[in-house]
Structures are given as structure tokens and as C-alpha cells.
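Enquirer: below is the structure, and that's it, no one-letter string:
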């Protein structure tokens, strides 16, 4: 059903003559476990719950049918589209955590980040760092409780299905990933106040990365969110180095068509394996630690980072 609706949008862009001046972005808010690791649904800090499809088609910028091994987070979408629109990097009372992927859109071998970050709480707060080869998950007690911090470490080169925790066996790798995690802001409770007034930035166009065919005008955008759309839930292969990176059941011919017109990010990651925080982070370019919540708004757990 979702693929059919995407097809209608793509067909209308073509028939209206707007396809050449329209940037189309497709992303999943998070993944989904279907029995792997004995888990059903999302709500974990493992690969299948956090790895997502990201596809960007930007005429005149992306090479049709291209793919990249660049790690990407959905928080990167905001600064990427800002640059493609010819706007300056957004500013505000809090820093933007996302980075622009435009250099990668122009050259699939370019690199703008070396890891992805995500978070989700259980009995403790779980925060994770994913590099091209490893994932580390830190489990830390809420509210400064004096409980030991626990770690998980997985090597995807040797163990792509996350069956062996190597935290005790590879302390050097663990320390490297701990160092990366330490650079992220400490989770802070929501103040409950009205927040700071957002500073007005200079919105004059300065980028030279705008799509072709716009004739000096800023491009149009089509922003497509697919709910619970894991990276293996498409019929287009997201990672050709892995036979399990596409679905043998679902058929998504229109998403396949979109992928053929732009760039696939097979190593895309959500900032949280849950709906509200992942979408909020996407729209603001800020991580869940910066935003101070990791669960669904209205379910009573939005202060999970507080404890």
C-alpha cells in the first residue's frame, strides 16, 4: 500500500514537469525485529531495530542508482536539505548534531562521519555507538543511582547476527567506543519550562549545491516517512554485499524506482527505535540526548533520560 502511494507521487512529479527540480527523500523512522534474537517489535539497541533505509534523489547532485558505504543518521537529513535548498546551516539555542550529507551525495566515497549514535532505555539508559565494524551499547543507571555500568560489544565482521558480547574480550575496542560516546552531551531532564527563544539566522542562499533545473529558485521537496520500515523491508537491495539486505516477500517497485534515480544509504540509522523521538530528532537535526526523551509522547515515559 505505501509503495503504491509513493508511486502516485512519483508519477505526478513526472507528469507535472517538476521531477527535475524536486528533491525526494525517503526514510524509515526505525526498524523492526521479526523474531531475530528472540525479539518481536522494536525497542532495542540492536541492529535490526535501528538500521533504516535512507534514499535521497536530488537531480543534478546525486548520481542515479548510486550507493554509499557512508554511515548516516536520520538527524543528518535536516542539515542536508538545508544545504540543498541553498540556505545556511541552521542555528539555534542548541547545537545541531546532524551533519550535511551533500559531499557524499556528490561523491559516494566521501566521508563526513565515522559512527552513528542512538539511545533507548530499559531498566537502565541504553546508549549506543555504531561504527562500520562494531556496536557498543552502554547501560547506565538512571538518576545517578550507584549501580555498575554494563557494556555490550559486537563485531559485525565476524558476528553479523550479534550473538556474542565481546566487551570483556576486547577492552581496547571498548575503550575507543567509550571515548566516542563521551563526546555526546550528558542526558538532561526536561525542564518543563518554555525554553529559549530561537535565534533568527541568516537565511540567505549561500550554497552551490541546489538541484539543477530550478533556474535560480530553491527546489521543491517531497519528504516520505515509512513507519516501522527496517532496512531489509524493501525489494531493492540496500547493501549488495549482504544477501539478506532486501526482502524476498515484499515487492516495492516504486521505491525501487526512486532508488534508481538517486542514492541509497544502506548504513542508515535511527536516533531511537521508537516513533516520537526518531521523528522529532529528524525534524530538528538533534539527538535524543540533546532532546531529552526517548519514548512515545503521551505514554508517560518522555522523561526516560531523567529516570
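Expert: Structure's in. What do you need? Just so it is clear, the model here is predicted, and its values are computed rather than measured.

Enquirer: now do the SS call for residue 17.
Expert: Following DSSP: H, G, I helix; E, B strand; the rest coil, we place residue 17 in the coil state.

Enquirer: distance-wise, check it relative to residue 58.
Expert: Residue 17 sits 17 Å away from residue 58, taking CB to CB, to the nearest Å as the criterion. All C-beta atoms are positioned from the backbone trio N, CA, C, and that covers glycine.

Enquirer: could you check which of these two has the larger neighbour count?
Expert: Between residue 17 and residue 58, residue 58 has the larger neighbour count (other CB atoms under 10 Å), namely 25 against 9.

Enquirer: now for the residue lying closest to that one once chain neighbours are set aside, how many residues are close by?
Expert: Closest residue to residue 58 apart from its sequence neighbours, by CB to CB, 6 or more residues apart in numbering: residue 23 at 4.7 Å. Residue 23 is flanked by 24 other residues according to other CB under 10 Å.

Enquirer: tell me if I'm right that residue 230 and residue 32 touch.
Expert: Yes - in this structure residue 230 lies within contact range of residue 32 using CB atoms under 8 Å: 4.9 Å.

Enquirer: what do those two both touch?
Expert: Residues touching both residue 230 and residue 32 (CB atoms under 8 Å, 6 or more residues apart in numbering): 48, 49.

Enquirer: these two: which is more packed in?
Expert: Comparing residue 230 with residue 32 by neighbour count (other CB under 10 Å), the higher total belongs to residue 230, at 24 against 20.

Enquirer: please identify which helix or strand holds that one.
Expert: Residue 230 is part of no helix or strand when elements are defined by DSSP states H and E.

Enquirer: that one and residue 51, how far apart?
Expert: Distance of residue 230 to residue 51, given as CB to CB: 7 Å.

Enquirer: common neighbours of these two, please.
Expert: residue 31.

Enquirer: so what's residue 138 up against?
Expert: 126, 127, 128, 149, 150, 151, 178, 181.

Enquirer: quick check: beta-bridge partners of the fifth one?
Expert: Each beta-bridge partner of residue 150 is listed here, defined by DSSP bridges: residue 139.

Enquirer: any idea how far it is from residue 9?
Expert: Residue 150 sits at a distance of 45 Å from residue 9 (criterion: CB to CB).

Enquirer: now the fourth one
Expert: Relative to residue 9, residue 149 is positioned 46 Å away (criterion: CB to CB).

Enquirer: more neighbours, these two?
Expert: Remark: of residue 149 and residue 9, residue 9 carries more neighbours, 15 against 11, as counted by other CB under 10 Å.

Enquirer: was I right about the more buried one contacting residue 222?
Expert: Yes - Residue 9 is in contact with residue 222 according to CB under 8 Å; the separation is 6.1 Å.

Enquirer: so where do the helices sit in this protein?
Expert: For the chain, the helices defined by DSSP state H cover 2-15, 47-50, 77-84, 102-106, 171-181, 253-261, 275-284, 288-291.

Enquirer: in CSV, list the ones you listed along with distance to residue 122.
Expert: Compiled in CSV, the helices of the chain are given as follows (distance: least, CB to CB, whole Å):
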stretch, distance to residue 122
helix 2-15, 30
helix 47-50, 12
helix 77-84, 27
helix 102-106, 33
helix 171-181, 17
helix 253-261, 32
helix 275-284, 15
helix 288-291, 15
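
Enquirer: quick one: which of those is nearest residue 163?
Expert: For residue 163, the closest of these is helix 47-50, at 11.8 Å, according to CB to CB.

Enquirer: tell me which residues in that closest one are buried?
Expert: 47, 48, 49, 50 (16 or more other CB atoms under 10 Å).

Enquirer: ditto for stretch 172-187
Expert: So for stretch 172-187, counting by 16+ other CB under 10 Å, buried means 173, 174, 177, 181, 187.

Enquirer: between those residues, which is nearest residue 107?
Expert: Nearest to residue 107 among those: residue 177, at 27.4 Å, using CB to CB.

Enquirer: pull up the gap between that closest one and residue 103, please.
Expert: In terms of CB to CB, residue 177 sits 25 Å off from residue 103.

Enquirer: quick one, grab the pLDDT at residue 207.
Expert: pLDDT recorded at residue 207 is 43.

Enquirer: repeat that for residue 75.
Expert: 92.

Enquirer: the closest residue in space to it that isn't next to it in sequence: what's it in contact with?
Expert: Leaving out its chain neighbours, the residue that sits closest to residue 75 by CB to CB, 6+ apart is residue 98, at 3.7 Å. By CB under 8 Å, 6+ apart, residue 98 lies in contact with 73, 75, 76, 77, 78, 79, 80, 285, 286.

Enquirer: right, I'll leave it there.
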